[in-house]
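Colleague: Take this sequence and fold it.
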Amino acid sequence: MSNACIAIADDHPLIVFAIEHKIKDVWPDIQVESAHCYHQLFRLFEQKEQHLDLAIVDLSMPGSEGIQGVEYICKNYANVPVIVISGFDDFNSCTACLNAGAAGFVSKTEFDSVIIDLISKYLVVDSVASRQVLPEADELHVLPFLTPSQGKVLRQMADGLSNKAIARELNISEKTVRVHASAIFKQLDVENRTQAAVKYKRLAHALEL
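Modeller: Take a look at the predicted model:
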């Protein structure tokens, strides 16, 4: 982890500072590169792609319209996982970013509570030997790395509740439920609610063993 390098891009310097500070609290030796617009971020990728292990990118920054900036990075620098952060739980933006190749989409309202888990997921390298012995080991790490909100939605989903019922139970909007559902499907590598529920129950059972 000491040689890991993360790019943080946000047009608000205080947000970049806050994210970097939180990261450094856990991993003091981690290297952080910053950018405040997409043009700076593109130059950063051009110059240091080989050294970047992860990019945390604000969706709405100068230099890009909609998800164009995210699409460009995911297409041209596919080896670097991109976590998109946004100030809004926008279902269409979330889906578009995930479809473009983003590794994750997180609302800034809950980002503080999940950043360390997200970084751990993409920077911790599993042993090749352990993966050969336990081919499903990677899958077992999926559930702990869902955000707290995603975990709640997934559990309700596994109980057969509709989006409307989940929204009512968790006191959130149906739009937010859909955003979480899209992220859950991406994390679990499934296509629908039924597959997500089946995989959740299987993984949850395995984690209890």
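Colleague: Just name the shakiest helix or strand of the chain by mean pLDDT.
Modeller: helix 128-133 (a mean of 34; mean pLDDT, DSSP states H and E).
Colleague: Please work out which residues outside stretch 42-52 touch it.
Modeller: 5-7, 9, 31, 33, 35, 55, 63, 69, 72-73, 76-77, 79-80 (C-beta atoms under 8 Å, 6 or more residues apart in numbering). Every C-beta, even on glycine, is put in place using the N, C-alpha and C of the backbone.
Colleague: in the chain, which spans are strands?
Modeller: Taking DSSP state E to define them, one finds strands in the chain at 5-9, 31-35, 54-58, 82-86, 104-107.
Colleague: and the ones you listed as CSV, adding distance to Phe17 and mean pLDDT?
Modeller: Shown next, in CSV, are the strands of the chain (distance: least, C-beta to C-beta, whole Å; pLDDT from 0 to 100):
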stretch, distance to Phe17, mean pLDDT
strand 5-9, 9, 94
strand 31-35, 9, 94
strand 54-58, 13, 94
strand 82-86, 14, 89
strand 104-107, 18, 80
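Colleague: Just name the most buried of those.
Modeller: Neighbour counts (mean count of other C-beta atoms under 10 Å) averaged over each of the strands of the chain peak at strand 54-58, with a mean of 25.
Colleague: Many thanks, we can stop here.
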